[in-house]
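*Asks:* next come a sequence and a model predicted from it.
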Amino acid sequence: MYLDCFSGAAGDMLLAALIDAGLPVQELKGALGSLGVEHALEVSRVTRSGISATYVKVKERGRQHEHARHHDHGDHHEHHDHRTLREINELIGRSELSSAGKNRAAALFQRIGEAEAAIHQTPIDQVHLHEVGALDSIIDIVGAVFALEWFGIADIVASPLNVGSGTVRMEHGAYPVPAPATLRLLEGVPVYSSGPATELVTPTGALLVSSYARNYGVVPAMTVRKIGYGAGTKDFDGVPNVLRVLIGDRLEAASADSGQVIEIACEIDDMNPQLFGPVSEKLVEAGALDVFLTAVQMKKGRPGTLLTVLAPAAARQTVTELIFRETTTIGVRFHAVERETLDRKWVDVQVDGGSVRIKVAGRNGQVLNAAPEFDDCVRVASATGQPVKAVQAAALRAWLESGSH
């Protein structure tokens with residue numbers, strides 16, 4: 001799934017885009033109805049700069065709150081009760097979300113609570129979630145959790161986020177865009193400023209995109225199967241105010257399933273060994289299926305390194321050019337090799353401190369291997385102070401208990 005945030009991101013825009021891409025509205029309404037708060041979710045078609053898109057709007061207790069959640073969310077506190085983290089967790093606990101969905105939703109609100117607490121220097125149990133504690137934002141976030149679980153796609157990539165510019169009026173005054181909570185949630189996320197002088201990324205948008213995206217960049221090489229457009233409230237001249245979702249199959253994955261790949265290799269004995277790490281990472285980003293290094297003895301008794309890359313045939317030229325540019329080799333050799341692989345899929349599990357992907361491999365419907373993604377375990381371990389091996393064990397245990405195998 002690719003989240004194209006060229007006009008920013010908001011919770012309602014993401015939810016609308018997922019509906020547009022095929023999420024059944026009645027199933028969504030059933031999940032949201034289980035929260036036990038009186039509301040109505042209105043789904044309609046609108047046009048934004050000539051593009052037809054889905055738009056969602058929340059009505060509360062039969063009284064419509066017409067407010068610009070996207071690009072002008074500063075009015076929330078005038079219309080809605082604020083809720084504390086404890087109150088929101090009680091709502092989530094009563095809901096009919098799956099156990100993993102409840103944990104994910106609670107973790108999302110914990111993140112926004114920690115961001116607000118840090119900004120205002122307030123204990124987290126005393127934080128009143130302003131914009132994100134309003135009913136419509138709760139519906140957007142819980143709805144997005146349900147929707148993304150319904151699609152079941154762990155491989156989510158987002159574009160850099162267009163945050164807009166100018167100022168936004170909030171409860172305590174006017175702040176430069178992005179607003180403080182939004183900016184804190186966007187730490188580590190690539191952003192830029194373009195287009196209308198207004199707020200383009202809301203706290204709910206920042207929260208959801210930064211929590212679910214595994215990577216950021218241009219559209220990956222993929223075969224597109226479904227497209228969804230989710231509309232923001234405002235309609236700008238010349239810029240479609242939509243969040244676009246692309247769903248499909250990675251081309252690398254399709255190539256990996258075929259029997260034949262290209263093996264590219266070269267020996268190197270005159271390069272700083274520290275460079276092999278960055279080179280390996282760039283090769284994987286360029287489409288390599290595998291990269292490995294082998295210690296070898298070269299002519300005149302010199303120790304060297306054999307760099308071996310497995311790649312789809314279509315990536316041969318890109319990989320070769322990258323090796324020439326990033327290493328000291330003056331030649332590579334390549335040949336086609338046959339290989340056989342197990343069927344693979346990713347399953348998301350929740351552990352204390354975040355989510356971890358489990359790579360599940362099998363054949364003919366039988367699971368033969370399951371392994372937690374190491375980088376995810378390191379990320380959770382760093383955030384919680386747990387040993388990496390404890391996170392690995394917890395992730396595997398969560399997967400076994402989930403019944404996903």
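*Replies:* Arrived safely.

*Asks:* output the lowest mean pLDDT helix or strand found in the protein.
*Replies:* Every helix and strand of the chain was ranked by mean pLDDT, DSSP states H and E. The lowest is helix 76-79, at a mean of 37.

*Asks:* from the chain's centre, how far out does the helix or strand following it sit?
*Replies:* Downstream of helix 76-79, the first helix or strand assigned by DSSP states H and E is strand 83-84. Computed by CA atoms, centre = their mean, to the nearest Å, the separation of strand 83-84 from the middle of its chain amounts to 26 Å.

*Asks:* show me what strand 83-84 is packed up against.
*Replies:* strand 128-129 (3 or more CB pairs under 8 Å, 6 or more residues apart in numbering; DSSP states H and E). (Glycine included, C-beta is placed from N, CA and C.)

*Asks:* quick one: average pLDDT of the strand it packs on?
*Replies:* Per-residue pLDDT values over strand 128-129 give a mean of 66.

*Asks:* and the residue located most distally from the centre of the chain, how far from residue 272?
*Replies:* Distance from the centre of the chain peaks at residue 300, with 50.3 Å (CA atoms, centre = their mean). Distance of residue 300 to residue 272, given as CB to CB, to the nearest Å: 20 Å.

*Asks:* over to residue 164?
*Replies:* Here the criterion is CB to CB. By it, residue 164 lies 43 Å from residue 272.

*Asks:* buried sites along stretch 394-405?
*Replies:* Going by neighbour count (16 or more other CB atoms under 10 Å), the buried part of stretch 394-405 is 394-396, 398-399, 402, 404.

*Asks:* could you do stretch 95-112 as well?
*Replies:* 95, 97, 100-109, 111-112.

*Asks:* okay if I get those residues as JSON lines plus pLDDT, secondary structure and distance to residue 182?
*Replies:* Converted to JSON lines, the buried residues of stretch 95-112 look like this (pLDDT from 0 to 100; DSSP: H, G, I helix; E, B strand; the rest coil; distance: CB to CB, whole Å):
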{"residue": "95", "pLDDT": "87", "secondary structure": "coil", "distance to residue 182": "26"}
{"residue": "97", "pLDDT": "88", "secondary structure": "coil", "distance to residue 182": "25"}
{"residue": "100", "pLDDT": "86", "secondary structure": "helix", "distance to residue 182": "26"}
{"residue": "101", "pLDDT": "90", "secondary structure": "helix", "distance to residue 182": "24"}
{"residue": "102", "pLDDT": "91", "secondary structure": "helix", "distance to residue 182": "25"}
{"residue": "103", "pLDDT": "90", "secondary structure": "helix", "distance to residue 182": "24"}
{"residue": "104", "pLDDT": "91", "secondary structure": "helix", "distance to residue 182": "20"}
{"residue": "105", "pLDDT": "93", "secondary structure": "helix", "distance to residue 182": "19"}
{"residue": "106", "pLDDT": "92", "secondary structure": "helix", "distance to residue 182": "21"}
{"residue": "107", "pLDDT": "92", "secondary structure": "helix", "distance to residue 182": "18"}
{"residue": "108", "pLDDT": "93", "secondary structure": "helix", "distance to residue 182": "14"}
{"residue": "109", "pLDDT": "90", "secondary structure": "helix", "distance to residue 182": "15"}
{"residue": "111", "pLDDT": "90", "secondary structure": "helix", "distance to residue 182": "12"}
{"residue": "112", "pLDDT": "86", "secondary structure": "helix", "distance to residue 182": "10"}
